[in-house]
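Peer 1: Need a 3D model of the following:
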Amino acid sequence: ITLRTQTAFPTALKQSAFDINWLFVHPSTSQFDSKPLVAIIGSRESTSDQMQNARNAAGEVAGMGGYVITGLATGADTAAYEGAILQQGKVIGVLGTGIQRMYPKENIKTLSHIIERNGSILSELPPQAPGNKTSFILRNRIIAALADVVVVVSGKYYSGTSHTIRFGKQMGKTLISIDQSKHSGISKLIAELGGKVITPD
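Peer 2: Coordinates of the predicted model:
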């Protein structure tokens with residue numbers, strides 16, 4: 001456990017407007033002040049093309065020596081993790097449950113892979129705590145606060161992904177959509193908030 005009053009507590013979270021006073025982290029917070037830290041996020045219901053865009057974006061970040069931040073949900077989050085690992089990159093997994101109670105369960109192995117490759121996992125919740133709708137929304141503010149850049153590959157205008165975008169806007173983070181859909185709700189939101197909407201390539 002790392003407290004806000006300790007030097008090891010991530011600087012970005014200390015500087016945020018959010019009431020984040022402690023973290024349960026494994027193995028350490030040493031990389032949280034590395035640059036760049038890029039959150040790659042999107043819907044659990046992403047298409048195969050959208051998930052491939054997440055993998056590609058994560059691979060680019062890893063190739064630059066950056067860290068990929070992911071919420072480790074299914075869909076786009078898992079694809080971002082896969083893209084980073086394929087390029088021998090480092091991942092920071094931010095959970096909406098305790099770090100010993102992974103959800104979804106099918107991603108339990110990813111926690112070991114992240115740690116083995118010098119990444120970290122973290123949560124505000126005690127290690128065995130289950131998640132709920134509120135805890136996953138609160139997780140998203142940590143993702144936004146840690147990231148230098150938030151890259152979105154998919155999502156609806158009103159969704160869990162949109163919470164992360166709005167948190168990022170509140171903190172003045174760079175927001176980018178690479179959702180190729182012509183009717184993308186998340187691209188519409190990012191454009192309204194002054195972010196960038198670009199093609200995946």
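
Peer 1: what number of residues lie near the residue lying closest to residue 49 once chain neighbours are set aside?
Peer 2: The shortest distance from residue 49 to any non-neighbouring residue, by CB to CB, 6 or more residues apart in numbering, is to residue 180 (6.8 Å). Bear in mind the C-beta positions are built from the backbone N, C-alpha and C, glycine included. Residues within reach of residue 180, counting by other CB atoms under 10 Å, total 17.

Peer 1: just residue 200 next, same as before
Peer 2: With other CB under 10 Å as criterion, residue 200 counts 15.

Peer 1: Show me what the helix or strand of the chain with the lowest mean pLDDT is packed up against.
Peer 2: Scoring the helices and strands of the chain by mean pLDDT, DSSP states H and E places helix 108-116 at the bottom, with a mean of 89. Here helix 108-116 touches helix 76-86, strand 90-94, strand 120-123, going by 3 or more CB pairs under 8 Å, 6 or more residues apart in numbering; DSSP states H and E.

Peer 1: Could you spell out the sheet neighbours of the last one, each with its direction?
Peer 2: Going back to what we said before, that points to strand 120-123. strand 22-26 (antiparallel), strand 90-94 (parallel) (DSSP bridges).

Peer 1: so which of these is the most packed in?
Peer 2: strand 90-94 (a mean of 26; mean count of other CB atoms under 10 Å).

Peer 1: That one vs helix 76-86, what angle?
Peer 2: 160 degrees (axes from the mean of the first three to the mean of the last three CA atoms, to 10 degrees).

Peer 1: How far does the helix or strand containing residue 38 sit from its chain's centre?
Peer 2: Assigned by DSSP states H and E, residue 38 belongs to strand 37-41. Remark: strand 37-41 is offset 5 Å from the chain centroid, using CA atoms, centre = their mean, to the nearest Å.

Peer 1: For that strand, which outside residues touch it?
Peer 2: Strand 37-41 is touched from outside by 12, 54, 57-58, 61, 66-71, 76-77, 80, 83, 92, 143-144, 146-153, 155, 161, 164, 168, with contacts defined as CB atoms under 8 Å, 6 or more residues apart in numbering.

Peer 1: For the next helix or strand after that strand, buried residues please.
Peer 2: Using DSSP H and E, the helix or strand that follows strand 37-41 towards the C-terminus is helix 48-63. Neighbour-count burial for helix 48-63 flags 50-62 (criterion: 16 or more other CB atoms under 10 Å).

Peer 1: Check the gap between residue 163 and residue 71 for me.
Peer 2: Relative to residue 71, residue 163 is positioned 11 Å away (CB to CB, to the nearest Å).

Peer 1: Understood, closing this out.
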